[in-house]
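1. structural data only, the sequence is not supplied:
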(Lines give C-alpha, C1' and ligand atoms only; values in the text may rest on other atoms or scores of the structure.)
Protein backbone atom coordinates (compact mmCIF):
# COMPACT_ATOMS: atom_id res chain seq x y z
CA UNK A 1 0.00 0.00 0.00
CA UNK A 2 2.50 2.66 1.06
CA UNK A 3 5.49 0.84 -0.43
CA UNK A 4 6.90 -0.22 2.88
CA UNK A 5 7.64 -3.85 3.51
CA UNK A 6 7.50 -5.01 7.10
CA UNK A 7 9.56 -8.04 7.87
CA UNK A 8 8.99 -9.97 11.04
CA UNK A 9 12.08 -11.74 12.20
CA UNK A 10 10.97 -14.60 14.33
CA UNK A 11 14.20 -16.08 15.65
CA UNK A 12 13.98 -19.40 17.38
CA UNK A 13 14.19 -19.03 21.15
CA UNK A 14 16.57 -20.94 23.37
CA UNK A 15 15.07 -23.87 25.25
CA UNK A 16 17.20 -23.09 28.32
CA UNK A 17 16.70 -19.31 28.23
CA UNK A 18 13.33 -18.67 26.53
CA UNK A 19 13.85 -14.88 26.62
CA UNK A 20 17.01 -15.16 24.45
CA UNK A 21 17.47 -16.27 20.87
CA UNK A 22 18.97 -19.70 20.29
CA UNK A 23 22.63 -19.43 19.24
CA UNK A 24 22.90 -20.49 15.57
CA UNK A 25 25.44 -23.27 16.15
CA UNK A 26 23.48 -24.81 19.03
CA UNK A 27 20.89 -26.59 16.94
CA UNK A 28 20.16 -29.46 19.34
CA UNK A 29 22.32 -31.97 17.47
CA UNK A 30 24.70 -32.53 20.42
CA UNK A 31 23.77 -34.41 23.58
CA UNK A 32 22.54 -32.04 26.26
CA UNK A 33 22.25 -29.08 23.88
CA UNK A 34 19.37 -26.89 25.03
CA UNK A 35 20.66 -23.61 23.60
CA UNK A 36 22.31 -22.36 26.78
CA UNK A 37 25.02 -19.91 25.76
CA UNK A 38 24.39 -16.51 27.37
CA UNK A 39 28.02 -15.41 26.81
CA UNK A 40 28.01 -16.31 23.11
CA UNK A 41 31.01 -18.63 23.39
CA UNK A 42 29.71 -20.89 20.62
CA UNK A 43 30.20 -18.07 18.11
CA UNK A 44 33.87 -17.24 18.64
CA UNK A 45 35.44 -19.06 15.68
CA UNK A 46 37.63 -16.06 14.91
CA UNK A 47 39.87 -16.67 17.93
CA UNK A 48 40.43 -20.36 17.22
CA UNK A 49 38.00 -21.86 19.70
CA UNK A 50 35.08 -23.51 18.01
CA UNK A 51 32.21 -25.66 19.18
CA UNK A 52 34.26 -28.85 18.77
CA UNK A 53 36.90 -27.67 21.27
CA UNK A 54 34.27 -26.40 23.69
CA UNK A 55 32.41 -29.73 23.66
CA UNK A 56 35.68 -31.64 24.01
CA UNK A 57 36.54 -29.56 27.09
CA UNK A 58 33.06 -29.93 28.55
CA UNK A 59 33.04 -33.73 28.19
CA UNK A 60 36.56 -34.02 29.63
CA UNK A 61 35.82 -31.79 32.62
CA UNK A 62 32.50 -33.53 33.20
CA UNK A 63 34.18 -36.95 33.36
CA UNK A 64 36.96 -35.71 35.64
CA UNK A 65 34.43 -34.01 37.93
CA UNK A 66 32.34 -37.19 38.22
CA UNK A 67 35.47 -39.10 39.26
CA UNK A 68 36.48 -36.32 41.67
CA UNK A 69 33.13 -36.27 43.46
CA UNK A 70 33.12 -40.02 43.93
CA UNK A 71 36.80 -40.05 44.93
CA UNK A 72 36.37 -37.34 47.56
CA UNK A 73 33.39 -39.14 49.10
CA UNK A 74 35.05 -42.58 48.88
CA UNK A 75 38.09 -41.46 50.85
CA UNK A 76 35.94 -39.69 53.44
CA UNK A 77 33.75 -42.76 53.96
CA UNK A 78 36.27 -45.62 53.62
CA UNK A 79 39.57 -43.96 54.47
CA UNK A 80 42.73 -43.48 52.46
CA UNK A 81 43.84 -45.73 49.60
CA UNK A 82 46.63 -48.26 50.23
CA UNK A 83 49.97 -46.48 50.25
CA UNK A 84 48.38 -43.21 51.36
CA UNK A 85 47.78 -44.09 55.01
CA UNK A 86 49.38 -40.82 56.12
CA UNK A 87 46.36 -38.94 54.70
CA UNK A 88 44.18 -39.17 57.78
CA UNK A 89 42.21 -35.94 57.37
CA UNK A 90 38.56 -36.26 56.34
CA UNK A 91 38.94 -33.13 54.21
CA UNK A 92 40.51 -34.02 50.87
CA UNK A 93 42.27 -30.70 50.59
CA UNK A 94 44.03 -31.31 53.90
CA UNK A 95 44.75 -34.91 52.86
CA UNK A 96 46.46 -33.63 49.74
CA UNK A 97 48.90 -31.60 51.85
CA UNK A 98 49.49 -34.57 54.17
CA UNK A 99 50.49 -36.68 51.16
CA UNK A 100 52.58 -33.81 49.79
CA UNK A 101 54.46 -33.63 53.07
CA UNK A 102 55.06 -37.38 53.35
CA UNK A 103 55.45 -38.50 49.72
CA UNK A 104 55.78 -35.62 47.22
CA UNK A 105 56.80 -38.17 44.58
CA UNK A 106 53.16 -39.36 44.50
CA UNK A 107 52.06 -35.88 43.49
CA UNK A 108 54.89 -35.57 40.95
CA UNK A 109 53.97 -38.95 39.43
CA UNK A 110 50.33 -37.87 39.22
CA UNK A 111 51.29 -34.65 37.42
CA UNK A 112 53.49 -36.56 34.96
CA UNK A 113 50.64 -38.98 34.22
CA UNK A 114 48.26 -36.05 33.66
CA UNK A 115 50.75 -34.53 31.17
CA UNK A 116 51.01 -37.81 29.25
CA UNK A 117 47.24 -38.31 29.17
CA UNK A 118 46.68 -34.70 28.09
CA UNK A 119 49.23 -35.12 25.29
CA UNK A 120 47.38 -38.11 23.84
CA UNK A 121 44.04 -36.41 24.42
CA UNK A 122 45.22 -33.28 22.61
CA UNK A 123 46.50 -35.30 19.66
CA UNK A 124 43.17 -37.17 19.43
CA UNK A 125 41.17 -33.94 19.67
CA UNK A 126 43.27 -32.13 17.07
CA UNK A 127 43.26 -34.97 14.54
CA UNK A 128 39.57 -35.67 15.16
CA UNK A 129 38.67 -32.03 14.66
CA UNK A 130 40.64 -31.80 11.43
CA UNK A 131 39.38 -35.08 9.96
CA UNK A 132 35.81 -34.90 11.22
CA UNK A 133 35.93 -38.64 11.98
CA UNK A 134 35.85 -38.34 15.77
CA UNK A 135 33.10 -36.93 17.95
CA UNK A 136 34.26 -34.73 20.85
CA UNK A 137 35.13 -36.91 23.83
CA UNK A 138 35.09 -40.17 21.84
CA UNK A 139 38.24 -42.19 22.49
CA UNK A 140 36.84 -45.45 21.13
CA UNK A 141 36.68 -46.93 24.62
CA UNK A 142 33.44 -48.91 24.59
CA UNK A 143 34.13 -52.46 25.80
CA UNK A 144 30.44 -53.10 26.59
CA UNK A 145 29.22 -51.91 23.19
CA UNK A 146 26.87 -49.19 24.44
CA UNK A 147 27.52 -47.05 21.35
CA UNK A 148 25.89 -49.71 19.20
CA UNK A 149 22.60 -49.77 21.16
CA UNK A 150 19.40 -47.86 20.48
CA UNK A 151 19.62 -45.90 23.75
CA UNK A 152 23.09 -44.45 23.13
CA UNK A 153 21.86 -40.89 22.58
CA UNK A 154 20.02 -41.04 25.91
CA UNK A 155 23.21 -42.27 27.60
CA UNK A 156 25.18 -39.39 26.06
CA UNK A 157 22.61 -36.88 27.32
CA UNK A 158 22.74 -38.44 30.80
CA UNK A 159 26.54 -38.29 30.82
CA UNK A 160 26.52 -34.57 30.01
CA UNK A 161 23.73 -33.78 32.49
CA UNK A 162 25.38 -35.73 35.31
CA UNK A 163 28.78 -34.29 34.39
CA UNK A 164 27.48 -30.73 34.55
CA UNK A 165 26.02 -31.44 37.97
CA UNK A 166 29.28 -33.08 39.07
CA UNK A 167 31.28 -29.98 38.07
CA UNK A 168 29.21 -27.93 40.49
CA UNK A 169 29.40 -30.67 43.15
CA UNK A 170 33.19 -30.99 42.87
CA UNK A 171 33.60 -27.22 43.09
CA UNK A 172 31.36 -27.20 46.18
CA UNK A 173 33.28 -30.02 47.85
CA UNK A 174 36.60 -28.31 47.17
CA UNK A 175 35.42 -24.87 48.34
CA UNK A 176 33.83 -26.29 51.51
CA UNK A 177 36.96 -28.30 52.24
CA UNK A 178 39.19 -25.26 51.81
CA UNK A 179 36.99 -23.01 53.94
CA UNK A 180 35.88 -25.38 56.73
CA UNK A 181 38.62 -28.06 56.72
CA UNK A 182 35.88 -30.69 57.01
CA UNK A 183 34.85 -33.43 54.61
CA UNK A 184 31.86 -33.03 52.31
CA UNK A 185 29.64 -35.43 54.28
CA UNK A 186 30.70 -33.85 57.55
CA UNK A 187 29.78 -30.44 56.11
CA UNK A 188 26.39 -31.79 55.07
CA UNK A 189 25.71 -33.22 58.53
CA UNK A 190 26.80 -29.97 60.20
CA UNK A 191 24.53 -27.98 57.89
CA UNK A 192 21.54 -30.24 58.57
CA UNK A 193 22.14 -30.09 62.33
CA UNK A 194 22.63 -26.31 62.43
CA UNK A 195 19.64 -25.57 60.21
CA UNK A 196 17.26 -28.12 61.66
CA UNK A 197 13.78 -26.72 62.31
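-> Yes, it's here. Source: prediction; values computed, not measured.
2. please name the nearest non-neighbouring residue to the spatially most central residue of the chain.
-> When Cα atoms, centre = their mean is applied to the chain, the residue found nearest the centroid is residue 62 (2.1 Å). Counting by Cβ to Cβ, 6 or more residues apart in numbering, residue 163 is the residue found nearest to residue 62 once chain neighbours are left out, at 2.2 Å. Where C-beta positions appear, they are placed from N, C-alpha and C, glycine not excepted.
3. now do the contacts for the one you found.
-> Going by Cβ atoms under 8 Å, 6 or more residues apart in numbering, residue 163 touches 58, 59, 61, 62, 63, 65, 66.
4. does the residue lying closest to the fifth one once chain neighbours are set aside belong to a helix, a strand or coil?
-> Of all residues not flanking residue 63 in the chain, residue 163 sits nearest, at 6.3 Å (Cβ to Cβ, 6+ apart). Here residue 163 takes the helix state, with states given by DSSP: H, G, I helix; E, B strand; the rest coil.
5. need the pLDDT of residue 163.
-> Here, the pLDDT recorded for residue 163 equals 94.
6. do residue 46 as well
-> Residue 46 is assigned a pLDDT of 60 by the prediction.
7. so where's this structure uncertain?
-> 1-11, 45-48, 196-197 (pLDDT under 70).
8. now the helices for it?
-> For the chain, the helices defined by DSSP state H cover 51-78, 92-102, 104-131, 152-180, 184-194.
9. for the ones you listed, which one sits closest to residue 32?
-> helix 152-180 (3.3 Å; Cβ to Cβ).
10. what about residue 144, how many neighbours?
-> 7 (other Cβ atoms under 10 Å).
11. and what of the one 3 residues further on?
-> As a burial measure, the neighbour count of residue 147 was computed by other Cβ under 10 Å and equals 13.
12. got a list of what it touches?
-> Contact analysis of residue 147 by Cβ under 8 Å, 6+ apart lists nothing.
13. so what's the closest residue to residue 19 other than its chain neighbours up against?
-> Distance criterion Cβ to Cβ, 6+ apart; nearest residue to residue 19, sequence neighbours excluded, is residue 13 at 7.5 Å. Applying Cβ under 8 Å, 6+ apart to residue 13 gives the contacts 19, 20, 21, 22, 35.
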